[in-house]
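J.: Predicted model and sequence follow; I will ask about them next.
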Amino acid sequence: MTDAALPNSPYALRQIVEARLKARHAQEKRFRAYGLIAISIALAFLFLLVGRIVAQGWTTFVDYRVTVPVFVDPQRIHADDIPGSNFDLMIADQMLARLGTKDDDVGTKSSKIMQIVSNDLGFQLLKQVRDNPSLIGKTITVVGPVKADGALYFKGEMKRSTPEAERKLDNEQLTWLDKMKSTGLVSSGFNTSFLTKSDSTEPEQAGVLGAVVGSAMMLLVTGFLAIPIGVLAATYLEEFAPKNRWTDVVEVNINNLAAVPSIVYGLLGLAVFINWLHVPRSSPLVGGLVMALMALPTVIIATRSALKAVPPSIREAALGVGASKTQTVFHHVLPLAMPGVMTGAILSLAHALGETAPLLMIGMVSFVPGVPEGFTGAATVLPVQVFIWENASERAFHERTAGAIMVLLVFMIVMNMAAILLRRRFERRW
Amino acid sequence: MTTQREDAHAHEAAPQVHIAVDKGHAALAALPAKIRARDVNVFYGEKQALFDVALDVPENSVTALIGPSGCGKSTFLRCINRMNDTIQGCRVQGRIELDGENLNDKAIDPVVLRARVGMVFQKPNPFPKTIFENVAYGPRIHGIATGKAELEAIVESSLKRAGLWGEVHDRLHQPGTGLSGGQQQRLVIARAIAVSPEVILMDEPCSALDPIATARIEELIDELRTQYCIVIVTHSMAQAARVSQKTAFFHLGKLVEAGPTGEIFTNPRDSRTQDYITGRFG
């Protein structure tokens, strides 16, 4: 009776199969199309993101500098108090002379010059004269940046068409800028100072070096703590610990820790490391400690899954020739798990590199106008630097925000490349 | 044509088997027991896998453990080098003596024991290292070789005894995983030999190999028999008949029957043995 449900000829059977075949192929095609759409959307967003950042930030890497020879007039230098001399005014006068005009009695024009030329030139002049007083009476050429507002005009961000009252520079200053450019007093080039200087209150003098070094030092602390501790903890849990209720509790807690919001780690760091252990606040050390706590669960989970993926036959082989448990693990299992361990470690370090919230809690969000002085000195890191600049009121800082993000992305790409290279080195077949 | 050739092959092989069995039979009684197992019970958690197994394994001979899947033959094998220690929830009771010493004694260090009792597994499992490193690993961790020259000598003699030297002597520093399955299995045997064991345990060593590689391993087992006590678990009754002098038949965790291979295969005392070797189950 049951046979009646089946078509009795092979031909009819084939027809049924073929009728379904079309639907099966269509299903596969649909699935592939969905996949392609998903990837395209992801790529589009990636390009949009990177494209916007680059479009906004590339101008950071172009700077405009003033090159001006200044006659160090002995009459205007207080020989007994060189730093008390007004070097800014000397430069302003020199600039005005080059622009074919002169300062008035109340100094209106010289102060207008000082709004478009960085005070860095005055500092340079002061430093040179102070270090070498024999320069008095001679002509020194100093090079320094145009102030941020002037640079914005050159970059087209500030337009002459905007009503004068609504811009920071008046028509005369814009005319001067045009003339400075046409006479070669101002030249443009690659902004190396963005990469070689640290934070500053003046946008044109602000750079990311301090933040890059701060990030690197913090990651060093994080890596040296989180990777060995995490790998050893995972190895113990996976290879040595008995599987019982206690290890289950530990495992569940580690998984939960990986999902704890990062700001909570910041609070923990503040309470434990700063208030209790008195680690200096806003230092790479305390930042690295907090980040290590945050990275540990990730490192442990990644290492455990890498260890689980090592075939048991390798363990049996080693134990079979009389290797002890420790020898088995450290000679065979862990080396084979190394690619996975590396991936986890680098992922967690990359995460630590981009983390901001917990660092705000431990005082890393501060104005640090220099490279950190050691692991206990004050420091800031790249994402926090981005955060600080984004909050700044001056418009020129916003351009630097995008520039700093570009540096951060490059830092991350370099780290990931290193990870891939390391993984290749460790990868073995079995 | 093919059937004819197979027939010819069978005729060729058949007398060899008989000679081997006869030789073994005669010699077996004279051989002292290397391993004596008494009242061995093994539990995996609540489940009992072996029931009161008592078996003597004679020296300088091959003992085959046969039986259907899940009968406990591999479990018994793994008791001999205490590999079961590594399985969580596994308990071994009873006495297993190696030269009169109880292996389950607390004083026995499994690390030392496993140097005395080597093991070859079902799937060839060379380390993902060079051929040299594979063989040198055991002597190195046990501190058997004191110098580079000595280590090289051990590697060479082990590979020679495993019949692999001729094939690999010019590529010792290439990965062991690059060898063929049969070569890998012989490499693993060389690795076991390198620490000068007294007993070699083999857990279905040929089940992942083709017939030619299998024949090569079987030849090797026969050569090694003169120096080592070999215990082999096999699913192939033909293999048991070809290589072993003593056979033990396990069924549902119990040792049903053990004796000279010829006797087990030609004149089994137990009906279950009879049914198994004639292919009625298993």
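T.: Thanks, I have the structure now.
J.: for the stretch 301-430 of chain A, which spans come out with low pLDDT?
T.: For the stretch 301-430 of chain A, the stretches with pLDDT under 70 are A:428-430.
J.: Looks to me like A:Pro145 is in a helix.
T.: No - using DSSP: H, G, I helix; E, B strand; the rest coil, the secondary structure at A:Pro145 is strand, not a helix.
J.: So which bits of chain A are right by chain B?
T.: With C-beta under 8 Å from any C-beta of the partner chain as the criterion, chain A meets chain B at residues A:242-243, A:311, A:313-324, A:327, A:331-332, A:336, A:428-430. Backbone N, C-alpha and C define where each C-beta goes, glycine included.
J.: Mind checking which of these are buried?
T.: Neighbour counting over these (16 or more other C-beta atoms under 10 Å in any protein chain shown) leaves A:313-324, A:327, A:331-332, A:336, A:430 as the buried ones.
J.: nearest residue to A:Ala151 other than its sequence neighbours?
T.: A:Tyr64 (5.1 Å; C-beta to C-beta, 6 or more residues apart in numbering or on different chains).
J.: Specify the beta-bridge partners of the one you found.
T.: Per DSSP bridges, the residues bridged to A:Tyr64 are A:Ser188.
J.: That one contacts A:Asn191, doesn't it?
T.: No - with contact defined as C-beta atoms under 8 Å, A:Tyr64 does not count as touching A:Asn191 (9.2 Å).
J.: Now do the same contact list for residue 48.
T.: Since no chain was named, I'll use chain A. Counting by C-beta atoms under 8 Å, 6 or more residues apart in numbering or on different chains, A:Leu48 makes contact with nothing.
J.: hm, I was asking about chain B
T.: Counted by C-beta under 8 Å, 6+ apart, B:Gln48 has contacts B:Asn41, B:Val42, B:Gly253.
J.: Grab the nearest non-local neighbour of the last one.
T.: Same thing as B:Gly253. B:Gly72 (4.4 Å).
J.: Got the phi and psi for that neighbour?
T.: The phi/psi pair for B:Gly72 (degrees, to the nearest 10) reads phi 100, psi 0.
J.: Could you measure from it over to B:Leu65?
T.: B:Gly72 is 9 Å from B:Leu65, where distance means C-beta to C-beta, to the nearest Å.
J.: Which other helices and strands does the helix or strand where A:Arg304 lies contact?
T.: Using DSSP states H and E, A:Arg304 falls within helix A:284-308. Applying 3 or more C-beta pairs under 8 Å, 6 or more residues apart in numbering or on different chains; DSSP states H and E, one finds that helix A:284-308 contacts helix A:209-235, helix A:245-257, helix A:262-269, helix A:334-354, helix A:357-361.
J.: Using PDB, write out every CA atom in the third one.
T.: Same thing as helix A:262-269. Extracted in PDB, the C-alpha atoms of helix A:262-269 (Å, rounded to 0.1, in the frame of the first residue of the first chain):
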ATOM      1  CA  SER A 262      34.800  49.300  29.200                       C
ATOM      2  CA  ILE A 263      33.900  52.300  31.400                       C
ATOM      3  CA  VAL A 264      33.500  49.900  34.300                       C
ATOM      4  CA  TYR A 265      37.100  48.900  33.900                       C
ATOM      5  CA  GLY A 266      37.900  52.600  34.100                       C
ATOM      6  CA  LEU A 267      36.100  52.900  37.400                       C
ATOM      7  CA  LEU A 268      37.800  49.800  38.700                       C
ATOM      8  CA  GLY A 269      41.200  51.200  37.600                       C
END
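J.: Show me what it is packed against.
T.: Looks like helix A:262-269 contacts helix A:284-308, helix A:357-361 (3+ C-beta pairs under 8 Å, 6+ apart).
J.: any idea which of those helices is most buried?
T.: Highest mean neighbour count among the helices and strands packed on helix A:262-269 (mean count of other C-beta atoms under 10 Å in any protein chain shown): helix A:284-308, with a mean of 24.
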